[in-house]
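In: Here's my sequence, what's the structure:
(2 chains)
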Protein chains: 2
Amino acid sequence: MKINDITEKALIREIKKEFLTSKPGLMLGIGDDAAVIKTGKKSFILTKDLLLEKTHFYRDRHPPFFLGRKSLNVNLSDIAAMGGCPLYSLLGLGLPGKTSTEWVEEFMAGIKSACEEFDVVLAGGDICQAEVISISVTVIGEGKHIIKRSGAKPGDLIYVSGNLGDSAQGLQLVKKGIQLGEDKEKDIFLKAFFNPYPQVVLGKAISKNKTASSMIDVSDGLSVDLNHICEESGVGAEIFVDRIPFSKEMKLFQDDVMEICMHGGEDYNLLFTVPKHKKYRIDSLTKEYQLSEIGKITTGKNIYLVRKDGHKEKLDIKGYQHFSKSSEQ
Amino acid sequence: MKINDITEKALIREIKKEFLTSKPGLMLGIGDDAAVIKTGKKSFILTKDLLLEKTHFYRDRHPPFFLGRKSLNVNLSDIAAMGGCPLYSLLGLGLPGKTSTEWVEEFMAGIKSACEEFDVVLAGGDICQAEVISISVTVIGEGKHIIKRSGAKPGDLIYVSGNLGDSAQGLQLVKKGIQLGEDKEKDIFLKAFFNPYPQVVLGKAISKNKTASSMIDVSDGLSVDLNHICEESGVGAEIFVDRIPFSKEMKLFQDDVMEICMHGGEDYNLLFTVPKHKKYRIDSLTKEYQLSEIGKITTGKNIYLVRKDGHKEKLDIKGYQHFSKSSEQ
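Out: Numbering: from 1, shown residues only, chains lettered A, B, ... in the order given. This is a model prediction of the structure:
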């Protein structure tokens, strides 16, 4: 059997089963956005993401400054999803010998810009030769009130930050060869894909006012990531279709806006659940952040889409899945 | 200019200059075997290494079980070089869709075997599709008495554990297409390359009895790694050629044994310096470990090879350097 024949989720499930060891201090292991180690009153949060040429980006299309920022920021998004504060990072960088030093300078300037923006120190790493550009970033953060995927309860309200589908729309434009600066409307989406913004400040605010019962960042798409919360929490959900937030410019490019909003990946917004009696705490955050109440957690296992007229249909879980043949990228 | 035209060291020097920020708690940043973060009485040690197909290994030659072990163990070696104790690991794994599930099972069994041997928990990571097999491991350890590269003083004695050059000899055999099991003598070297052993227990012992003034693991070769210690400490060194430890079987394959011992990489032995008045503490370790006193730290900047007849010559620094055209691999 080839890896192509199984999904990323199935593979992680197998690995998790094999590595069921634990250690004093390890609060959270394989299967959440990040691992959590308790040390004294604080917890350290550890996350790592690979970004590989031809899988996650194309060298001649992705501006290296933005790629540097994105390499750090997708990891910061995982720390944000735990309600943590990022502190340190490590960079593993594999480079083909023919890479220009200008590319490396721009890429590192991007890493530096994201480090400075979020007060993260690059503490070390590894550089080596490679067949294709291979980027691996580890971020170490800390947190007091860690928010897991597994705490959602029936009746909880479901919120998402920002707009959905922008990055997936950007990827579609990149694939068509559209470049930054050609068109103002298209730039909105290209930037969302090239240079996503991690919701670190919002994540900290949600953690601080102890609002959320569960949280995840929308990296694989709303359907896949909400399904992660539901599976880990042992619950189902209802999503109100007319409340899904999207950029108005999306209609210029898509006949079926909902399709890309439900299943498009890499928006790096925060998706979280809030017990009804804490709803007032979210209201205080809506002054500063775009937050949409898009549904509610239910008993059962399924996720349903509810239309304005009350029509209900089961949601297909089909966001970005590495290895599975239906992958978008 | 292309990356090929500069050395890994020059690139790291550039990056270090650009990222001269610090943060309370960061004891040691870019440029040592690992980064060190102080938290209360303990310090956390963070290290990450990339292992990439066609750069560090060939899929059809490196048994996947050994590759899994090596992926963890090269990081454990960095923790050992700081005198630390490894605790947790994160695995980033990029796999081409056509990789067989048997390969993945064997690889993960290797990771598990090394985790169990050194009491390390796999706490999380990231799996994705890739052009070539791309492995990135992060290890988090802790330590009380951190040993840096920068503490060597003139007069200190230089020690190395184990034998030198075994892994480089193994790589030469791998390149000739020799496989494990063909020949008992060759297997010694193939195993040293495929399945190196990290000196975690020795590193902890050296840290515990506060013996070493500086330490590094021999990953790039004795000449390059001793040069790291000398540069970071602002000292020179003399190496006594007849004291360099090597496997007696090496003579079956090499006319110039010293060449491969001085410059061959990936042995993952510990190279450390000891103030003369603490020499007695090392004597207590020599019962359990193969340790060779191979030279002494001097004033000045250069490293000299001293032959038995007293003849002295300056050492070329030419171990494994990614990007530079003189690389062995």
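In: Let's see the pLDDT reported for the closest residue to residue A:249 other than its chain neighbours.
Out: Leaving aside its sequence neighbours, residue A:249 sits nearest to residue A:185 (C-beta to C-beta, 6 or more residues apart in numbering or on different chains; 4.8 Å). Bear in mind the C-beta positions are built from the backbone N, C-alpha and C, glycine included. The model reports residue A:185 with a pLDDT of 95.
In: same deal with residue A:32?
Out: For residue A:32, pLDDT reads 76.
In: same check, this time on residue A:328
Out: Residue A:328 carries a pLDDT value of 33.
In: Show me where chain A has its strands.
Out: A:26-28, A:35-39, A:42-52, A:85-95, A:121-129, A:134-143, A:157-161, A:214-217, A:236-240, A:270-274, A:291-298, A:303-306, A:312-314 (DSSP state E).
In: CA-only coordinates of the third one in CSV, if you can.
Out: These are the backbone C-alpha positions of strand A:42-52, laid out as CSV (Å, rounded to 0.1, in the frame of the first residue of the first chain):
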residue,chain,number,x,y,z
LYS,A,42,3.3,28.0,33.4
SER,A,43,2.9,25.7,30.4
PHE,A,44,5.2,25.6,27.4
ILE,A,45,3.5,25.1,24.1
LEU,A,46,5.5,23.5,21.2
THR,A,47,4.6,23.4,17.6
LYS,A,48,6.3,22.7,14.3
ASP,A,49,5.2,22.9,10.7
LEU,A,50,7.0,21.9,7.4
LEU,A,51,6.7,24.1,4.3
LEU,A,52,8.0,22.4,1.3
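In: That one and chain B in contact?
Out: Yes - shown here: strand A:42-52 in contact with chain B (C-beta under 8 Å from any C-beta of the partner chain) through A:42, A:44, A:46, A:47, A:48, A:49, A:50, A:52.
In: What's the local residue count around the fourth one?
Out: It stands for residue A:47. 30 (other C-beta atoms under 10 Å in any protein chain shown).
In: Kindly state the beta-bridge partners for it.
Out: Taking DSSP bridges as the rule, residue A:47 bridges to residue A:139.
In: Same check on the first one?
Out: Here residue A:42 sits in beta bridges with residue A:39, going by DSSP bridges.
In: so what's it up against?
Out: Residue A:42 is in contact with A:142, A:143, A:144, B:39, counting by C-beta atoms under 8 Å, 6 or more residues apart in numbering or on different chains.
In: Residue A:316: which of those is nearest?
Out: residue A:143 (33.6 Å; C-beta to C-beta).
In: Next one: the closest one from chain B, what distance?
Out: Going from residue A:143 to chain B by C-beta to the nearest C-beta, to the nearest Å gives 14 Å.
In: circling back: give me the buried subset of the contacts of residue A:42.
Out: A:142, A:143 (16 or more other C-beta atoms under 10 Å in any protein chain shown).
In: okay, the contacts of residue A:42 in TSV with pLDDT and distance to residue A:112 next?
Out: Shown next, in TSV, are the contacts of residue A:42 (pLDDT from 0 to 100; distance: C-beta to C-beta, whole Å):
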residue	pLDDT	distance to residue A:112
A:142	93	22
A:143	92	24
A:144	89	28
B:39	76	25
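In: what about the nearest residue to residue A:46 once chain neighbours are set aside, neighbour count?
Out: Using C-beta to C-beta, 6+ apart and skipping the chain neighbours, the partner closest in space to residue A:46 is residue A:35 (4.6 Å). Using other C-beta under 10 Å, residue A:35 has 27 other residues around it.
In: Residue A:35: what's it in contact with?
Out: A:26, A:28, A:29, A:45, A:46, A:47, B:88, B:90, B:123, B:124.
In: how does it look with 6 Å?
Out: Neighbour list for residue A:35: A:28, A:29, A:46, B:123, B:124 [criterion: C-beta atoms under 6 Å, 6 or more residues apart in numbering or on different chains].
In: I'd guessed residue A:218 sits against residue A:271; true?
Out: Yes - Residue A:218 is within contact range of residue A:271, at 5.2 Å (criterion: C-beta atoms under 6 Å).
In: what residues do those two have in common as contacts?
Out: Counting by C-beta under 6 Å, 6+ apart, the contacts common to residue A:218 and residue A:271 are residue A:225.
In: which of these two has more neighbours?
Out: residue A:218 (28 against 25).
In: ok, now how distant is that one from chain B?
Out: 16 Å.
In: cool, residue A:58 as well?
Out: 12 Å.
In: Contact partners for that residue?
Out: Residues near residue A:58 by C-beta under 6 Å, 6+ apart: none.
In: ok so, going back, name the member of the residues of strand A:42-52 next to chain B with the most neighbours.
Out: Within the residues of strand A:42-52 next to chain B, most neighbours by other C-beta under 10 Å means residue A:47, with 30 neighbours.
In: Would you confirm that that residue contacts residue A:77?
Out: No - using C-beta under 6 Å, residue A:47 is not in contact with residue A:77; the gap is 8.8 Å.
In: burial count for the residue of the stretch 151-300 of chain A found nearest chain B?
Out: Proximity to chain B, evaluated over the stretch 151-300 of chain A using C-beta to the nearest C-beta, is greatest for residue A:219 at 10.4 Å. Burial of residue A:219 is recorded as 24 neighbouring residues (other C-beta under 10 Å).
In: Roughly how far does it sit from residue A:8?
Out: To residue A:8, residue A:219 is 12 Å away according to C-beta to C-beta, to the nearest Å.
In: before we move on, what about residue A:312?
Out: In this structure, residue A:312 and residue A:8 are 29 Å apart, going by C-beta to C-beta.
In: Give me the more crowded residue out of these two.
Out: Taking other C-beta under 10 Å, residue A:312 and residue A:8 do not tie; residue A:8 has more neighbours (21 against 9).
In: Close to chain B: what parts of the stretch 101-250 of chain A are there?
Out: Contact residues, the stretch 101-250 of chain A versus chain B (C-beta under 6 Å from any C-beta of the partner chain): A:101, A:121-132, A:134, A:136, A:138.
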